[in-house]
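# My questions are about this predicted structure, shown below with the sequence.
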Amino acid sequence: MLPMIDHRRYTLAPEAVFKPSGEEALILKLDDETMFALNATGARIVALAVEGKARGAIVGILAEEYHSSVEEISRAVGALLDELVAGGLLLPVADTV
């Protein structure tokens with residue numbers, strides 16, 4: 001069964017900076033000096049999100065790159081993006097459709 005297409009998109013919060021370093025990355029929240037470290041997979045998820053890819057597209061790209069199940073990737077992508085939104089590092093982009 002194919003998952004429902006998820007069109008949610010995200011952008012960095014105005015006070016956040018995404019700093020890739022090799023395969024890993026940091027997101028720095030400048031207003032309170034919070035740092036969020038990302039492993040290679042997390043860095044890839046955030047890079048795709050800030051490029052403007054929709055949540056469902058990110059899942060599809062990673063499932064292909066990692067040769068893993070869409071369901072497993074979807075859970076991991078959703079958990080990370082939801083955590084970053086809750087932490088004020090990413091903001092959902094309003095749907096313009």
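Looks like it came in fine.

# Show me the strands in the protein, by range?
Along the chain, the segments classed as strands by DSSP state E run 9-12, 16-21, 24-29, 34-38, 90-93.

# now the lengthiest helix in the chain and strand 24-29, what's the angle there?
Of all the segments of type helix in the chain, defined by DSSP state H, the longest one is helix 70-86. Angle, helix 70-86 to strand 24-29, by axes from the mean of the first three to the mean of the last three C-alpha atoms, to 10 degrees: 30 degrees.

# what does helix 70-86 rub up against?
Under the criterion C-beta atoms under 8 Å, 6 or more residues apart in numbering, residues 2-3, 6, 8, 10, 27, 36, 41-42, 45-46, 49, 55, 58-60, 62-63, 66, 90-92 lie in contact with helix 70-86. All C-beta spots, glycine's among them, are computed from the backbone N, C-alpha and C.

# What subset of these is buried?
Buried subset of the contacts of helix 70-86 (neighbour count, 16 or more other C-beta atoms under 10 Å): 6, 10, 27, 36, 41-42, 45-46, 49, 55, 58-60, 62-63, 90.

# before we move on, the earlier item: can you tell me which of the strands of the chain is packed in deepest?
Highest mean neighbour count of the strands of the chain: strand 9-12, a mean of 18 (counted as mean count of other C-beta atoms under 10 Å).

# contacts for that one?
The set of residues external to strand 9-12 that reach it, using C-beta under 8 Å, 6+ apart, is 18, 27, 49-50, 52-55, 81, 84-85, 89-93, 95.

# mind listing what that strand pairs with, with the direction of each?
Sheet partners assigned to strand 9-12 using DSSP bridges are listed as strand 90-93 (antiparallel).

# can you list the strands of the chain in TSV and add distance to residue 72?
Listed next are these as TSV, based on distance: least, C-beta to C-beta, whole Å:
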stretch	distance to residue 72
strand 9-12	21
strand 16-21	24
strand 24-29	21
strand 34-38	18
strand 90-93	21
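
# Fine by me, thanks again.
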